[in-house]
Every structure is written in structure tokens, then in C-alpha cells.
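Asker: I would like the atomic coordinates for the input below:
(one chain, ligands or ions: 2)
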Amino acid sequence: MEISFHGADRDVTGSCHLLECANKRLLIDCGMFQGARELEAENAAPLGFDAAKVDFLLLTHAHLDHCGRLPLLIKRGFGGEIVTTAATRELASIVLKDSAHMAEDDAAWQQRHAHGEPAPAPLYTQSDVEITLARFGRVAQYCVAIDLAPDVRVTFFDAGHILGSAHVLVEVSENGSQRRVLFSGDIGGAGRPIIRDPDPPQASIVLMETTYGDRCHRSTAESVAELVGVIKTTISRGGNVVIPSFALERTQEILYALRAAVTSGALPAQLPVFVDSPMAVAAIAVYRAHPECFDAEAAQLVASHQDLFGTPGLRLVRSTAESMEINRVSGGAVIMAGSGMCTGGRVRHHLVRNLPRESASVVFVGFASRGTPARRIIDGARSINLLGREVPVRAEIHTINGFSAHADQAELLRWHARVGGAERTILIHGEHETMKTFAALLPGVPVSMPSPGERLSL
Ligand SMILES: [Zn+2]
Ligand SMILES: [Zn+2]
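Answerer: Ligands and ions are numbered 1, 2, ... in the order given. As a prediction, the model looks like this:
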């Protein structure tokens, strides 16, 4: 059995791992490299293996850093079956279409500014995405094994990270012995809203993500309380609350928290809440369609016919015209829009309007890479360049970190203790320094931290 490493090795984006066993080649995820700038060269580079020889693609979840290079894999000859959960299939469709749309927009912009020189083609297009979606085959249900070949079976287990996310267990019979290899995908923290906690099986060989292997974060409950506090104070002084937010999971979680706060009377029933993101709105529909992924609390709400994401003042905004109407709201509203790091998307318009207002608040609820507008605002910039103009920062700035969709150090340790990983624990999806800190907490466990392109024989 061999495993080779083609993305998210000593790094957090571009997840892509190839398992060769029992004469089959299984690829686990094929994600996009992401950063402050678009890492076009890295994404367009050779995959590091022959795509045509891969038999199956097992997709852990729909985040772009796990599914974003799927259309490229197919363009380069992958002819096999894509296996994932029903919710991941639908969310991946939204994510990939958005990604193609952005690539096409970018290419068109470069074409306009190329002054007659040939401009680079987009990484992939909508039609490449359509071809990719047609390659999704069997649907995985949690805890139900799927036979890929006589000697290879896989089982998806709830990873508690985003809707439909999974740990993938591969069981292989090779030379008369049985082996269990577990790919963690991204691991959620315990007690997250809407979805269930991670439910990993035991395995002797474990590949695990280590994004937050060096730190602990605050609980979701504390973070919700903090957010509600900021909203109360801001609307009482007549300002808007702008939340730059990732379309997947974060937006739905915050709506879920706002619904609870409105129901309990902590926030006014008619509080105007705008979700100004067609992608987030589409993702809400997928959430509503998959109650089989909900935890007991969310399932209970559905059973009593309550809308998980609905408050009386909620407006889901799709069109640009509707989006521009929000400009007229000078105070008293919550406005959620992407992108989370403010590198693009409609949130930039809301920031241009609200950053100069002392009455307003801007609340960051996710990770912000160095060099992004979000990071500069968080780091205390007095003014910021957005949409070609210099915007003064007078609004109150908050960062609330407990909404993270990733397990923190303590949760990763508990996860590892549950799965075992006694034969080999392979750390992936983390910065190298973070991995070293985490590895030091696993005494007696044989740990590897492979670098990109490395091959391990097991
Ligand atoms: Zn993820
Ligand atoms: Zn990830």
C-alpha cells in the first residue's frame, strides 16, 4: 500500500491524497490552493500523478480547498466515479459553479486589459463543471459501507465540520491481511450548531488535519453571546452591523444563532437581517433539504415545524438591484455578505458605506489571511482601499473566533485518542510549525509529516 501527497501537505489548502492499494487508485479530495492572491500557477500545475489512472475520487466535503480542482482532474483524464454524501454533492455543485464563474470573470477582465496580447484561459468553465457533476456516482450514507472492488471497501462517517462532511475509512485486503486507513477530511469541533459531532471509527493508519493543532478557541456559545451583545449595542446607537461571512456553514450558523436570540427575546423580533449573497442563499436551501444531517436540537426544531434559519425580519437577497437597496438602510440592521476576507463580493459595497460610520460595527467571524482587506482592518488600519477608493475606518471592529468549523487542539487530541492511529499517524492540512507542536502531544505514536510530492509505503 502506498500513499502519496499532492496538496495540503505542511499547508492548509489544496487537499489531495492518493492511496494505491489492491491494484486500485483512490484519490481523496482534489482541492484548490487558496491564499491572499489567487494561486493560479499552483492550481494549474501538473497534479503529480496520472489522472487517467485514478479509479475513484472520494470527496470528504464541499469546501473549495477540497473539491476545487475536480474539474481539472476530469479535464486531465480522470474517468472514474466520484463518491460522496448527498449533501456534499449538492453543496459542491454550488461551490464549483461559483468557482468557475469567478475564473471566467477573471479571464474576461484580463482579456479586456491584455491590449491585444493573448490572455490566459480560465482554469475551468461552467461546462467543465457540468461534466464534473455528471461524474458523481454512488451516494454515500454515513456508516454504510460501499464496495469499490472485491478487496476495497469504503465507509463515510460524520466529520461534524460542515453539512455532509465526512471522514473516509478505507478497508483493504492485501496479501491476506486486513488494513484500515482513515482520512479525516476536516474535523469539526464538539457541540457545533445544526450538525452532529464528529463520529470517527478506529483505524490503524490515520491521516488527520491539524489546522488548529497548536491552539484552543472559545466555545460557540460564548461567541454567540458576544455577537448578540455587539448587535444589541450597535442597533441601540443607530448603526448597522456588517458581517463579512463565508457563504457555506458560517452564514447558516449565524442565522441559526440569530433565530434563537430573537425567539428568546434577546434581540428584537423585527430585527432586519439581510443575507446578501446568492451563494449563501442557495446553500440555505441545501441545508433545509438535508435534515438527515442535523443534530438532535436542530432535528427537534424541524419536528416542531420551525424554520431553522428564519426570523421575521430576514431578507434573502439574490439580485444586484435588491442588494443596492440595502444601501438605503443607514442603521439598525444586520448585513451578512461575502467574501469573508473582503477580497471580493458584495460585502465590499457594504463596507464602503458603513466603515466610515462611527455608529456601525463590523464583525469578523472567520480566518483572515495576511494581505487581505479583512486582515488589514482587523490589524487596525485607519483607512482601507476598497473598490478603487480610500475608505476611512471609523466603525467599531470586532473579531469573534469561536465560530470556527475546525476542531481546536484539545478536540483534535480527543479525536485522535478515539481513532487510535497506532501503526502510523500522518499529519496533513496544517502549517508545519503547528504540526510539530501537535506531534509533540502524541508521545509513543509513530507520526509522519510528509512534504508535497512525498510517497509513503505502508
Ligand atoms: Zn473544510
Ligand atoms: Zn480544509
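Asker: Please, where are all the helices along the protein?
Answerer: 40-44, 64-67, 70-75, 86-112, 126-133, 220-236, 250-264, 278-288, 296-303, 320-325, 347-354, 373-378, 409-419, 432-439 (DSSP state H).
Asker: Would you mind giving those as a markdown table with mean pLDDT added?
Answerer: Listed next are the helices of the chain as a markdown table, based on pLDDT from 0 to 100:
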| stretch | mean pLDDT |
| --- | --- |
| helix 40-44 | 85 |
| helix 64-67 | 95 |
| helix 70-75 | 98 |
| helix 86-112 | 92 |
| helix 126-133 | 98 |
| helix 220-236 | 95 |
| helix 250-264 | 95 |
| helix 278-288 | 95 |
| helix 296-303 | 95 |
| helix 320-325 | 93 |
| helix 347-354 | 96 |
| helix 373-378 | 94 |
| helix 409-419 | 97 |
| helix 432-439 | 96 |
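Asker: Figure out which of the ones you listed is closest to ligand 1.
Answerer: helix 64-67 (6.1 Å; Cβ to the ion). The C-beta positions use only the backbone N, C-alpha and C, and glycine is treated the same way.
Asker: any chance of the helices of the chain in CSV, with distance to residue 455 and mean neighbour count too?
Answerer: As requested, these are arranged in CSV below (distance: least, Cβ to Cβ, whole Å; neighbours: other Cβ atoms under 10 Å):
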stretch, distance to residue 455, mean neighbour count
helix 40-44, 20, 15
helix 64-67, 21, 24
helix 70-75, 19, 22
helix 86-112, 28, 19
helix 126-133, 27, 17
helix 220-236, 39, 17
helix 250-264, 36, 21
helix 278-288, 37, 20
helix 296-303, 42, 13
helix 320-325, 49, 13
helix 347-354, 42, 22
helix 373-378, 36, 20
helix 409-419, 23, 18
helix 432-439, 19, 17
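Asker: could I get those helices as JSON lines with distance to ligand 1?
Answerer: As requested, the helices of the chain are exported to JSON lines (distance: least, Cβ to the ion, whole Å):
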{"stretch": "helix 40-44", "distance to ligand 1": "17"}
{"stretch": "helix 64-67", "distance to ligand 1": "6"}
{"stretch": "helix 70-75", "distance to ligand 1": "15"}
{"stretch": "helix 86-112", "distance to ligand 1": "11"}
{"stretch": "helix 126-133", "distance to ligand 1": "19"}
{"stretch": "helix 220-236", "distance to ligand 1": "16"}
{"stretch": "helix 250-264", "distance to ligand 1": "11"}
{"stretch": "helix 278-288", "distance to ligand 1": "14"}
{"stretch": "helix 296-303", "distance to ligand 1": "20"}
{"stretch": "helix 320-325", "distance to ligand 1": "27"}
{"stretch": "helix 347-354", "distance to ligand 1": "20"}
{"stretch": "helix 373-378", "distance to ligand 1": "18"}
{"stretch": "helix 409-419", "distance to ligand 1": "14"}
{"stretch": "helix 432-439", "distance to ligand 1": "16"}
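Asker: Using CSV, please lay out those helices together with distance to residue 151.
Answerer: Formatted as CSV, the helices of the chain follow (distance: least, Cβ to Cβ, whole Å):
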stretch, distance to residue 151
helix 40-44, 34
helix 64-67, 26
helix 70-75, 24
helix 86-112, 26
helix 126-133, 28
helix 220-236, 42
helix 250-264, 40
helix 278-288, 35
helix 296-303, 37
helix 320-325, 53
helix 347-354, 50
helix 373-378, 48
helix 409-419, 22
helix 432-439, 32
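Asker: right, and those - which one's nearest residue 392?
Answerer: helix 347-354 (10.5 Å; Cβ to Cβ).
Asker: what does that closest one contact?
Answerer: 239-240, 242, 244-245, 276, 323-324, 326-327, 335, 337-339, 342, 360, 362, 373, 384, 386-387, 389, 391, 395 (Cβ atoms under 8 Å, 6 or more residues apart in numbering).
Asker: Quick check: PyMOL command selecting the buried ones in those.
Answerer: Here is the PyMOL selection string for the buried members of the contacts of helix 347-354, based on 16 or more other Cβ atoms under 10 Å:
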select buried, resi 239+240+242+244+245+276+323+326+335+337+338+339+342+360+362+373+384+386+391+395
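Asker: Return the nearest residue of the stretch 351-458 of the chain with respect to ligand 2.
Answerer: residue 429 (5.7 Å).
Asker: ok, that residue to residue 187 distance?
Answerer: Separation of residue 429 from residue 187 (Cβ to Cβ, to the nearest Å): 9 Å.
Asker: what touches both of the two?
Answerer: Here residue 429 and residue 187 have 208, 209 as joint contacts, going by Cβ under 8 Å, 6+ apart.
Asker: Neighbour count for those two, which is higher?
Answerer: residue 429 (31 against 26; other Cβ atoms under 10 Å).
Asker: got a list of what the more buried one touches?
Answerer: Residue 429 neighbours (Cβ under 8 Å, 6+ apart): 8, 11, 12, 15, 186, 208, 209, 210, 211.
Asker: Show me the residue of the stretch 1-150 of the chain that gets nearest to ligand 2, please.
Answerer: residue 65 (4.6 Å).
Asker: Show the contacting residues for that residue.
Answerer: Going by Cβ under 8 Å, 6+ apart, residue 65 touches 8, 12, 13, 14, 15, 31, 32, 33, 34.
Asker: Ok, residue 181 next?
Answerer: Counted by Cβ under 8 Å, 6+ apart, residue 181 has contacts 1, 3, 19, 21, 169-172, 203-207.
Asker: of those residues, list those near ligand 1.
Answerer: Applying Cβ under 5 Å from the ion to the contacts of residue 181, one finds that nothing falls near ligand 1.
Asker: Just the ones in strands from these, please.
Answerer: Per DSSP state E, strands hold the following members of the contacts of residue 181: 3, 19, 21, 169, 170, 171, 172, 203, 204, 205, 206, 207.
Asker: Please tell me how far residue 274 sits from residue 33.
Answerer: If you go by Cβ to Cβ, the gap between residue 274 and residue 33 works out to 32 Å.
Asker: just to revisit the earlier point, can you tell me how far the residue of the stretch 351-458 of the chain closest to ligand 2 sits from residue 49?
Answerer: 19 Å.
Asker: Most distant residue from the centre of this structure?
Answerer: residue 176 (38.8 Å; Cα atoms, centre = their mean).
Asker: quick revisit: among the contacts of helix 347-354, which ones are in strands?
Answerer: Among the contacts of helix 347-354, DSSP E puts 242, 244, 276, 335, 337, 362, 384, 386, 389, 391 in strands.
Asker: is it possible to export those to CSV including pLDDT?
Answerer: Output for the ones in strands among the contacts of helix 347-354, formatted as CSV (pLDDT from 0 to 100):
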residue, pLDDT
242, 98
244, 96
276, 96
335, 98
337, 96
362, 98
384, 96
386, 94
389, 94
391, 98
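Asker: got these as JSON lines, with distance to ligand 2 columns?
Answerer: As requested, the ones in strands among the contacts of helix 347-354 are exported to JSON lines (distance: Cβ to the ion, whole Å):
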{"residue": "242", "distance to ligand 2": "26"}
{"residue": "244", "distance to ligand 2": "19"}
{"residue": "276", "distance to ligand 2": "25"}
{"residue": "335", "distance to ligand 2": "27"}
{"residue": "337", "distance to ligand 2": "22"}
{"residue": "362", "distance to ligand 2": "25"}
{"residue": "384", "distance to ligand 2": "28"}
{"residue": "386", "distance to ligand 2": "27"}
{"residue": "389", "distance to ligand 2": "34"}
{"residue": "391", "distance to ligand 2": "31"}
